[in-house]
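Student: Give the three-dimensional model of this entry:
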Amino acid sequence: MGEVTGLATLVSDCSNRDEVVEFRANGDWDTFSFRAAPGVEADSSDLELTVDLYNGSDFIDGVTVAYGKTGGLQDVDISEVSALKIVARVKDGECQGETQAVLYDMSVT
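Tutor: Predicted structure coming up:
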């Protein structure tokens, strides 16, 4: 089986739709780590990418990354998480356009 090293999707602050990836952790893993960056072809360099982690509908942790930067979370405790939801969106604001949400270096331990 291959290894997934990254995901990318378009996110926009002009819609109410977030991009969601769900990982069935079932409490089988201890930690989750990832890096994130907005795409280089954003409609505006003012757009910031927000990536939030949820256990079902319960917020766990999140990070906001500015255009041209990278960010992420390291060793987030998911030992009691059954369904880890990774939600990517443009940080709340006026309708300024869209950018790519790039998630990479994802790992569970």
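Student: so what's the closest residue to Tyr54 other than its chain neighbours up against?
Tutor: Using Cβ to Cβ, 6 or more residues apart in numbering and skipping residues adjacent in sequence, the residue nearest Tyr54 is Lys85, 4.2 Å away. The C-beta positions use only the backbone N, C-alpha and C, and glycine is treated the same way. Applying Cβ atoms under 8 Å, 6 or more residues apart in numbering, we find Lys85 in contact with 20-23, 53-56.
Student: Among the residues you listed, the buried ones, what's the ChimeraX command?
Tutor: In ChimeraX, a selection of the buried entries from those looks like this (16 or more other Cβ atoms under 10 Å):
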select :23,53,54
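Student: where are the low-confidence patches of the chain?
Tutor: The model of the chain has pLDDT under 70 over residues 1-4, 93-94.
Student: Going by contacts, tell me the helices and strands next to the longest strand seen in it.
Tutor: Using DSSP state E, we find that the single longest strand of the chain is strand 98-108. With contacts taken as 3 or more Cβ pairs under 8 Å, 6 or more residues apart in numbering; DSSP states H and E, strand 98-108 sits against strand 6-12, strand 19-24, strand 31-38, strand 48-55, strand 83-90.
Student: Now with 10 Å, please.
Tutor: If you count contacts as 3 or more Cβ pairs under 10 Å, 6 or more residues apart in numbering; DSSP states H and E, strand 98-108 packs onto strand 6-12, strand 19-24, strand 31-38, strand 48-55, strand 71-77, strand 83-90.
Student: starting at the chain centroid, how far to the fourth one?
Tutor: Think strand 48-55. In terms of Cα atoms, centre = their mean, to the nearest Å, the centre of strand 48-55 is set 5 Å apart from its chain centre.
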